[in-house]
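K.L.:
Below: sequence and its predicted model.
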Amino acid sequence: MSIRVLPEQLIHQIAAGEVVERPASVVKELVENSLDAGATAIEIEVDGGGASLVRVRDDGAGIAGDELVLALARHATSKIGSIDDLEAVRTLGFRGEALPSIASVSRMKMVSRPKDAPVALAVTAADGEVAGPAPQPHPPGTTVEVRDLFFNVPARRKFLRAERTELGQVERLVERLALSRFDVGFRLMSARRVLADHPPARDERSRDARVAAVLGDEFIRHALKLEHEGAGMRLSGWFCLPTYARSQADQQHFFLNGRPLRDKLVASAVRLAYRDVLYHGRHPAYVLYLDMDPARVDVNAHPQKLEVRFREPGLVHDFIFRTLERAIAETRPAQAAAVDIPAARFDQRMSLPAPEPRTSALDLYVALGGGVRDSAPPAVEAPVPAAERELDPVAAGTEHPLGYAIAQLHGIYILAQAQGGLVLVDMHAAHERTTYERLKAALGSQRVASQPLLVPVPVAVSVAEADEAEAHAALFDELGIELSRSGPTQLLVRATPALLTSADPAALVRDMLADLREQGGGGARQALERALGTMACHQAVRANRRLTVQEMNALLREMETTLRADQCVHGRPTWSFVSLDELDRLFLRGR
């Protein structure tokens, strides 16, 4: 065919393919326009899953009568006017494509009244024909009504899913919007039923209530607050304890300057922060907000504006990772944790004290002359005379979050009396975490001590992996591994980290090379840390090992000063608290 200019209506319909994927896309574009207009209350009504009707009503600034028809023209917008505005976009929409694209594949009606206008005006659009404006009664604000979506593009309409599926997409979209703007009220209706009603949330309690309404009470019960500023950025929101990890990434919400975001850089930073405390294949849950100068991010990188380009991606990744990692590291036993208060009430601040030198429980076990014995204990250890132990924190002159050990149960659990109740500790999981953190602290030195091998170990690799090993020889040397290339596809390991003398050198190098190719220089260190985790698991005290009360108390004290001590290396909880109120209810006391 010869080259020719496409008809205007066909141009709009092609553009609609990028903007309007399904009814939820229509809701997204219209609600974002309402938010940009300063709305404080937005009502969304859908019928037929949104295919028959989408109506969005707001109390925003409205559109002047002489601009209503212009609003339906392609690339007509009030949000940017120059390249400088495009490089520092502060609004959710800015291209001026949404309204004309939606109007080209539906029957649209738009009614708007600015606050100072005496009357509202309405325009209609269908099949590229625009009629109006005409006067119509309407309160200050705007209502956009979209009917019969894809009525003139039957091939697109065939790809819509069942009504229930499309309605579910709209519901999830409204949930994300409700999490993005707590100062705005959202209501969703379908078939004259209210499906969601989120009033404005302007204080901490109401914001917690909105998050709980969207993600469930269990999310809030396991969530910690986060707020940190640095490097011209601010990260805030909620992140869940590793014990609340999920099988799917269905409760991961990230917002950049109020814009919902799905970004690989962000996902990588969060995954890296949780690397030491999650089961393999599990996903953390969080609602996080990153605020930064709009000029430092390019939001014009994706047709649906779900992905962005950061001007300084390394800095952003490191800020998110370091902030969240340090907050997760503080999930260790604390006095406030030993009372029945929702976890969401604790704010995670970034003023972390430097760890103090301490004697580890493992050192104490050795110093006590073989207190760890292999013989199987009775089901519950006999209580030790009061002279040999401290049970009462007040009498001891010191209060400890995990209290004082009183017995060992089935050679697995430590029972401790704490202020306000009973603490149960999984001794293997707890010792695994404390051992791992000490090993990782040793790994954190400038150069890891290495142990030469008596006989070099050959490692068969690909040519690309051998090239990678040569390119990062200095990094391997810094991590205590001496490598040399003995052929196109073979490496020789001549020394390994002194901390990992029991590890398989060939497997360790292969893991490091795999992570190095995927994640860069940080990947090699992660592979070492995983090997340390395995080593800590093997070194931790096993079930049916009999501990003295002094040894149990030594482990409790070390837990209280160890980062991430609430979970073991594999993400399992290390301790649990049963309050006196729960015990009273169990035995019907006071009834």
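P.N.:
Looks like it arrived, so ask away.

K.L.:
if I've got this straight, S112 is in a strand?
P.N.:
Yes. When DSSP: H, G, I helix; E, B strand; the rest coil is applied, S112 is found to be in a strand.

K.L.:
So it is in contact with A120, correct?
P.N.:
Yes. Applying C-beta atoms under 8 Å, one finds S112 in contact with A120, separated by 6.3 Å. In short, each C-beta sits where N, CA and C put it, glycine included.

K.L.:
between those two, who's got more neighbours?
P.N.:
S112 (28 against 24; other C-beta atoms under 10 Å).

K.L.:
which residues touch the more buried one?
P.N.:
Counting by C-beta atoms under 8 Å, 6 or more residues apart in numbering, S112 makes contact with 62-63, 68, 120-122, 138, 141-143.

K.L.:
Can I get the residues you listed in CSV including secondary structure?
P.N.:
Shown next, in CSV, are the contacts of S112 (three-state DSSP):
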residue, secondary structure
G62, coil
I63, coil
L68, coil
A120, strand
L121, strand
A122, strand
H138, coil
G141, strand
T142, strand
T143, strand
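
K.L.:
wait, which of the residues you listed is closest to G48?
P.N.:
Within the set of the contacts of S112, T143 lies nearest G48; the separation is 18.7 Å, counting by C-beta to C-beta.

K.L.:
Let me see the ranges of the strands in the stretch 101-250 of the chain.
P.N.:
Listed in chain order, the strands of the stretch 101-250 of the chain (DSSP state E, counting those that start in this stretch) span residues 107-113, 120-126, 129-136, 141-147, 185-190, 193-198, 223-230, 233-240.

K.L.:
Could you tell me the least trusted of the ones you listed?
P.N.:
Between the strands of the stretch 101-250 of the chain, the lowest average pLDDT goes to strand 129-136, which shows a mean of 86.

K.L.:
Give the pairing partners of that strand; include direction for each.
P.N.:
The pairing partners recorded for strand 129-136 under DSSP bridges are strand 120-126 (antiparallel).

K.L.:
How about residues contacting the partner strand?
P.N.:
The contact list for strand 120-126 (C-beta under 8 Å, 6+ apart) reads 65, 68-69, 72, 103, 106-113, 130-139.

K.L.:
what are the C-alpha coordinates of that strand, in CSV please?
P.N.:
What follows is strand 120-126 as a C-alpha-only set of coordinates in CSV (Å, rounded to 0.1, in the frame of the first residue of the first chain):
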residue,chain,number,x,y,z
ALA,A,120,-22.2,23.3,34.8
LEU,A,121,-21.7,22.4,31.1
ALA,A,122,-21.7,19.0,29.5
VAL,A,123,-20.2,17.6,26.3
THR,A,124,-20.7,14.1,24.7
ALA,A,125,-18.5,12.2,22.4
ALA,A,126,-19.1,9.0,20.3
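
K.L.:
Where does V56 sit: helix, strand or coil?
P.N.:
strand.

K.L.:
give me the number of residues near the nearest residue in space to it that is not next to it in sequence?
P.N.:
Closest residue to V56 in three dimensions, ignoring its sequence neighbours and counting by C-beta to C-beta, 6 or more residues apart in numbering: L30, at 4.1 Å. Using other C-beta under 10 Å, L30 has 26 other residues around it.

K.L.:
nearest to D426, of the strands of the stretch 101-250 of the chain?
P.N.:
Set against D426 and scored by C-beta to C-beta, the strands of the stretch 101-250 of the chain come closest in strand 233-240, at 20.3 Å.

K.L.:
hmm, who's touching the closest one?
P.N.:
By C-beta under 8 Å, 6+ apart, the list of residues contacting strand 233-240 reads 211, 219-220, 222-229, 251, 284-292, 316, 319-320, 323-324, 327-328, 344, 348.

K.L.:
Partner strands of the lengthiest strand in the chain, with direction?
P.N.:
Using DSSP state E, we find that the single longest strand of the chain is strand 450-460. Here the strand partners of strand 450-460, with direction, are listed using DSSP bridges: strand 490-497 (antiparallel).

K.L.:
Quick one: work out the angle between the helix or strand just after the partner strand and strand 490-497.
P.N.:
Sequence-wise, the next helix or strand downstream of strand 490-497 (DSSP states H and E) is helix 505-519. Comparing the axes of helix 505-519 and strand 490-497 via axes from the mean of the first three to the mean of the last three C-alpha atoms, to 10 degrees yields an angle of 100 degrees.
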